[in-house]
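Enquirer: Build me a structure from this.
(chains A, B and C)
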Amino acid sequence: MRNLKHLNWMIYLIAMVAIVLFLGSGKPIKIVGLFFVSGLAIGSLYALGGIGIVVLYRATGVLNFANGAAGAAGVMLAWQFADWGIWGPFTWLVAIFVALIISLVYGRLIAPLLAWREPVVKAVATLGFALIILGIVSFIWEDDPRKFALPSDKIGVYILGLRVTVTRLIAFAASICIVIGIYFYLYHTKVGLQMRSLANDRDLSALLGIPILKVETIAWGISGVIAGFTGLMFGDLIRLEPFVITFMVIPSIAAAVCGRLDNLILVLIGGLSMGVIESLLTLSQVFKGVRPIAPFVIAAVVLLWYQRGRRLTFSGTD
Amino acid sequence: MKMKTLPVALLALVVFAFTGQSHAATKCGANTGVAAKGKPIIVGGIHGNAPPGDFSASTDAAKAYFDCVNANGGIHGRPIDYRIENDQWNPELAAQAASKLVIDAGAVALVANGSFIEMAVNAGTYKKANIMSMAAACAISECFESSNIVSTNQGPLPSNLGATQYAQEELGSKNVGCIGLNIPNNGPWSCKASIDLMKARGGSGSMALLNPGAPDVNSALLEIISNGADTILMNLPAGLAIAVLKAAEEQDLRDQYVWIAPTPLYDLSVPKALGKYWDGKVFVNAELAPFQIGGPDAKNWKAVMDAYAKPEDPRDTFAQSGYLSATFFVKMMLAMNPKDIDNRAKVTQAIKNISGYRSDLMCGPYYVGDSDFHMPNHAGYMVQIINGGFKIVRECYEFDSAYFKPHIAIEKKLGLR
Amino acid sequence: MDSGLFRTTPSGRAGLLFALFAFFVLPAVVGGQWLKIFTSTGCFVLAISGVAFMYARLGMVSLTQVGLMGVGGWVVLRLNHAFDLPFELNFLAAGVITSGFGMILALPALRLRGLYLALVTLMAAGGFEIIFGTFQFPNGGEGFWGVKSSFSAEFRRPAIAQSDEAYMRYTIFVCALGILLIEFHRRLAPGRAWALIKRSEAAAMSAGVNVTLYKTWAFGIAGLLAGISGALLAGSLGLLSGSTFRASESIMVFALAIVGGVNYWLGAIVAATLFRILPALLNDWGLDADLSFVIFGAGLLHAVIYAPNGIAGQLMELGSVVGNKIEPVFGRLRIQNSAAKEKTELSASIEISDVSVHFGGVVALDNISASFTKQVSGIIGPNGAGKTTLMNVFSGFVSPEGGSVGIDGQILTELAPHKRGHWGLRRSFQFEEIADDLTVFDNVLAQLDGMGLNPSQNASDVAHALDIVGMSEHSWRPAVELNNFERRLTDVAKCLVGSPKVIMFDEPAAGLSSEETDKLGELILSIDKHTGAKTLVIDHDVDLIAKICEETLVLDFGERIAFGKTSEILSDPKVRAAYLGVEES
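Expert: The predicted model follows:
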């Protein structure tokens, strides 16, 4: 059984390497390296978004479409404060705080009302919330070209010919740290254990005397903080536009799907490889136009591969 | 920054009132100073206001001008009833808006339209209904290549051309890389003319197309660079252009390439958004006279906006072109027989007969003519982003392309050259 | 059977009236702008019906319906510009091709359920968005993609619907046809099959339903409706733009379908109204476009939390227009002759030969062999012994690593699972798998669909079975209203129709009182008298087994530890040790 799992990982990695080699064949190594690192940069953002989604899903069973919107609200407010001349680091805290509050509002007030519905309905409800946040944010800040910058943008290192700013390194490092941190939290703390129990069976956990509300609040809180940080990264590294940041949740879900909404390491690997493939597709004359489709194709294939040979029989959640 | 909150607006009005700023005298229409009464003349306007861009400045400015005209005797004593619709970059809404204005309301003309999609959807409708659209903020080919639409702005094809031409002549460009949106009647259409220009002058060019929603602009930048470009032409809406420049800043590419762009980057909030890094390094083509030119029309535009527009309405190039379309429309209507101004067919004919209207906001004369294409504005300025603002580096110059041969022929026929 | 097909219900009558009103009155009274808005809304009513019925009837979520609309629009535009065919042909082609795309989406649906299925469709939606964004929609250019950088070529509308007014009527007509198509499906065998699939694929398979076929068919219909609605939209506008078919729009459309109410035709109309008419109204009233996002979001939250049946559900309750949302199709049909069918005398024995089942490293069944010759036989053993697994081998849900099951010359393990039902295998599940969405009668009738028998004969067969189990007067009640015992009886009735050869009962007495258990026991004993089928019973109630089973197989940890006459088995010390445990000395 364990061998099978490792076999899957091996197959995935081999497939990725094969695709990378295929796309890069015939092109100068320098160029390929450039696109490869560029792909890792965007991929780490997909992974970061996906990790935020999976962390919450594992603890509450809710696939949160509003993750991106919460982040967008946070980073827009941070930009506004910076525009009014407030000290930088304080604005970042504001961003994270705002996303945290938004997340908690949903998690404490609205999510419990839906606890008994099926996962799809819970996810769709978060979409409603995302639209409300997006609508309010778009209403307050009119369409205007804006830029969000962090001091770490100014410092950079060269990797394979591409200059990578410290901000990008932070995003990448953060995704790894969050994965490790969450792992330790879930498996080595009491609250983490309670969270895993909750995710497994909410009703049963309640019967066991696990403080549902407290544990869920913590889960939503952690998710909110991650969403706020991710929003800052998206605002800095992609575009400071609420609509774009909000709907980054869709490729983030693609990365989350790669990890089967469960395994954070796979989400990380999935997200990174999505970014790399998408970037390397620029080298292919045939596919360069459709390269943003890479995350979706990869996610779909991964999901179907996991379920191959399976047949649905008895009712129950999947 | 425009934060749409009531307190800010109120504060602005209060400040206005207390600084005792007197509005410069406006000059609108017949300029009688008497409010127009009588049966309103119905005029329509369609703009697009939804991500990724807000084109409402043109209709806002036209509305301000029409309000001024209505306060000054209207058109032969009758007020203009200007009805504005928003297409939200959605073809369904664009078609509905046209139906509402053209069929239901019976407008005699459309003025100051600004949209990414409306012209493509409605060009056929306008032709069938025999109505003219004097647009102001156009970005797609249908706007310039259909019989019933004419715009005061240039659109991406000439604007990119102007930037490329300046770069080839003054900045030593030999290989232009055009980054554009992958919308065929926008990106490829406009990039091609610039690339053809370079080829005609012994250089070369290439294009890299972006999906508007794509989060990763880096790969387009890398693609253009690997094509061997020495000049990067950012044929994109402001938000995306800024993202590309940010990616370039990350790579510290500023001094290795020449950076040029068409009009969308001529926006007062852009220099601040770009920051000190890009100071003096980005050259932008302006479709209309930059604000510092300050001719009589430009001053009047400012006065009209101050007196009649809302404080949060943008004061940018589209606002100027919207104002311009409105002034040309009113000028044409005032020259008509008062009995004819309710007759759409007569109004359409009169619009088609417009020739030789001049303004200090536009480099060349405005004209319409009876043809399947209209692009009266094809000469402009070049500005440089420097010291947190814009500096004019070249005043009115003609853009050089085979594309304009038919236009020049018509201008000769109308005696405008 | 046919008299039931065309029966109208109060809700149906209201729907037809509404359609007539929309067809005749609306286009005549509204102006140019609202004609276009209503036409657009009509297109989305059609598309939303497609996504709503899949969720309501099968529990399957598709988050890519708008993407499929784009496919339909693309096809009709390309054909229009490439050839000179009339609109109707392009329109049909669009429907068929999009239906094909929908069926491709069904492939993951065979392996995924619930949220995962929804996410795969979301990936497809993302894919469509990129493709439409990159390749745009045809506008008269050359090549496969048919795009040129200027003025769109002329689009030819249907000959009978050239004006906007006529086109709106055309759209409403097609829309009504689409909804009727879904309704007809629901009233016939597909509806019963879907209801069973929704309950559990296992139940459906043992009822003889070809799950693959019906799931694919459902996706195909959803695709068809999406395709033709996209084609209608293309006809209304003359061209299409990628911004209409973003992934976010597909999610919105599903969300609004829930808000409207997936079980009602009115729900699709409410959803489409919110999607297209509300923003137009806000626009008319001069409110900011961004605010419509806020209203959508709030509406969605409200509906999801407080109105599980959607706004249509709330309206229906207010207006009491419709009674049950599950309408008995056949009404109070008088079954003339609930005659008994011919008994199948099954003299051959049930041969289990060396059946082994492994789940990874776990051995569930280890070389099990037994020959059941008596009429009613039992299978007992502690939990985890492999009893249900053995039945699953019979049903075909599990393939044995080795060995086979044969009855009456037929090697059962060679047949496809749903074909075993047709052959004569029946199963009553541990958690009775009665479809809540159907009436008692339809639940039993579903067993006979796909067997190719005479429909009127089926009705009397069903009536007879219900008679035997004593559920006749409940025939028309929706299954969701039944209590535990009644559900079990319905389940038994299902096992009695269509000349069964082998009937398997998996813990039939679970959850029943001792009185009810006794009654059930009597019923099982009488099965031989009515149908001649052999019966296998798994249960923990040793008294029941002792009473009704002549011979019994005892399993423990996947091994056969005893087989033979029930009274002897029950006094076997090995069996007692397995069940009750042995004292440690």
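
Enquirer: and residue 74, what helix or strand is that in?
Expert: With no chain named, the answer covers chain A. According to DSSP states H and E, A:G74 maps onto helix A:67-83.

Enquirer: please go with chain C instead
Expert: With DSSP H and E as the criterion, C:W74 is inside helix C:65-82.

Enquirer: end to end, how far does stretch A:80-91 reach?
Expert: 9 Å (C-alpha to C-alpha, to the nearest Å).

Enquirer: Please state the offset of that stretch from the chain centre?
Expert: Computed by C-alpha atoms, centre = their mean, to the nearest Å, the chain-centroid distance of stretch A:80-91 equals 26 Å.

Enquirer: what is the rounded mean pLDDT of that stretch?
Expert: Per-residue pLDDT values over stretch A:80-91 give a mean of 90.

Enquirer: hmm, that stretch touching chain B?
Expert: Yes: Stretch A:80-91 lies within reach of chain B by C-beta under 8 Å from any C-beta of the partner chain, at A:Q80, A:D83. Bear in mind the C-beta positions are built from the backbone N, C-alpha and C, glycine included.

Enquirer: What residues sit buried inside that stretch?
Expert: When burial is assessed from 16 or more other C-beta atoms under 10 Å in any protein chain shown, stretch A:80-91 yields the following buried residues: A:Q80, A:F81, A:A82, A:T91.

Enquirer: and the helix holding C:W74, which residues are buried?
Expert: By neighbour count on 16+ other C-beta under 10 Å, the buried set for helix C:65-82 is C:65-81.

Enquirer: tally of neighbours for A:D262?
Expert: Applying other C-beta atoms under 10 Å in any protein chain shown, we find 12 other residues in the vicinity of A:D262.

Enquirer: Next up, the contacts around it.
Expert: By C-beta atoms under 8 Å, 6 or more residues apart in numbering or on different chains, the contact list for A:D262 reads A:V54, A:R58.

Enquirer: Could you do C:W74 as well?
Expert: C:F132, C:F137, C:P138, C:G230, C:L240.

Enquirer: Same check on C:A47?
Expert: Counted by C-beta under 8 Å, 6+ apart, C:A47 has contacts C:Q65, C:V66, C:L68, C:M69, C:L225, C:A226, C:S229, C:G230, C:V253.

Enquirer: Any buried residues in whichever strand or helix holds it, and which?
Expert: In this structure, C:A47 sits in helix C:32-58 according to DSSP H and E. Residues C:32-58 are the ones in helix C:32-58 that count as buried (16+ other C-beta under 10 Å).

Enquirer: show me where the stretch 451-585 of chain C has helices.
Expert: For the stretch 451-585 of chain C, the helices defined by DSSP state H, counting those that start in this stretch cover C:455-469, C:484-496, C:514-531, C:542-548, C:566-571, C:573-580.

Enquirer: List the buried residues in the third one.
Expert: In other words, helix C:514-531. For helix C:514-531, by 16+ other C-beta under 10 Å, it's C:E516, C:T517, C:K519, C:L520, C:G521, C:L523, C:I524, C:I527, C:D528, C:H530, C:T531.

Enquirer: what about the helix holding C:A47, distance to the chain center?
Expert: 21 Å.

Enquirer: List the contacts of stretch A:105-119.
Expert: In contact with stretch A:105-119 (C-beta under 8 Å, 6+ apart) are residues A:60-64, A:66, A:121-122, A:125-126, A:129, A:202, A:213, A:216-217, A:219-221, A:223-224, A:317, C:114-115, C:301, C:304-305, C:308.

Enquirer: buried subset of these?
Expert: A:60-64, A:66, A:121-122, A:125-126, A:129, A:202, A:216, A:219-221, A:223-224, C:114-115, C:301, C:304.

Enquirer: what's the closest non-adjacent residue to residue 226?
Expert: Using chain A. A:G52 (4.2 Å; C-beta to C-beta, 6 or more residues apart in numbering or on different chains).

Enquirer: my bad, chain C
Expert: Distances taken as C-beta to C-beta, 6+ apart put C:L68 closest to C:A226, at 3.6 Å, once the chain neighbours are dropped.

Enquirer: mind listing what that neighbour touches?
Expert: Here C:L68 is in contact with C:A47, C:T98, C:F101, C:G102, C:F128, C:A222, C:G223, C:A226, C:G227, C:G230 (C-beta under 8 Å, 6+ apart).

Enquirer: Looking at those residues, spot the one nearest chain A.
Expert: C:F128 (9.3 Å; C-beta to the nearest C-beta).

Enquirer: packing partners for the helix or strand harbouring the closest one?
Expert: Element membership of C:F128 [criterion: DSSP H and E] is helix C:114-135. Where contact means 3 or more C-beta pairs under 8 Å, 6 or more residues apart in numbering or on different chains; DSSP states H and E, helix C:114-135 is packed against helix A:119-140, helix A:249-258, helix A:294-306, helix C:65-82, helix C:87-109, helix C:247-260.

Enquirer: Identify each buried residue in it, please.
Expert: So for helix C:114-135, counting by 16+ other C-beta under 10 Å, buried means C:114-135.

Enquirer: Wasn't C:I379 part of a helix?
Expert: No: per DSSP: H, G, I helix; E, B strand; the rest coil, C:I379 lies outside any helix segment and is strand.

Enquirer: who's in contact with it?
Expert: C:K387, C:L390, C:M391, C:L536, C:V537, C:I538, C:T552, C:L553, C:V554, C:L555.

Enquirer: Could you show which parts of the stretch 101-250 of chain C are in contact with chain B?
Expert: C:129-130, C:133-134, C:136, C:141, C:147-152, C:154, C:164, C:233, C:236-241, C:243-244, C:246.

Enquirer: switch the cut-off to 10 Å
Expert: For the stretch 101-250 of chain C, the residues in contact with chain B (C-beta under 10 Å from any C-beta of the partner chain) are C:129-130, C:133-137, C:139, C:141, C:145, C:147-155, C:164, C:233-234, C:236-244, C:246-248.

Enquirer: Tell me which of those residues fall in helices.
Expert: C:E129, C:I130, C:G133, C:T134, C:F135, C:D164, C:L233, C:A234, C:S236, C:L237, C:A247, C:S248 (DSSP state H).

Enquirer: Now the two most distant members of those.
Expert: Farthest-apart pair in these is C:I130 and C:D164; separation 32.6 Å (C-beta to C-beta).
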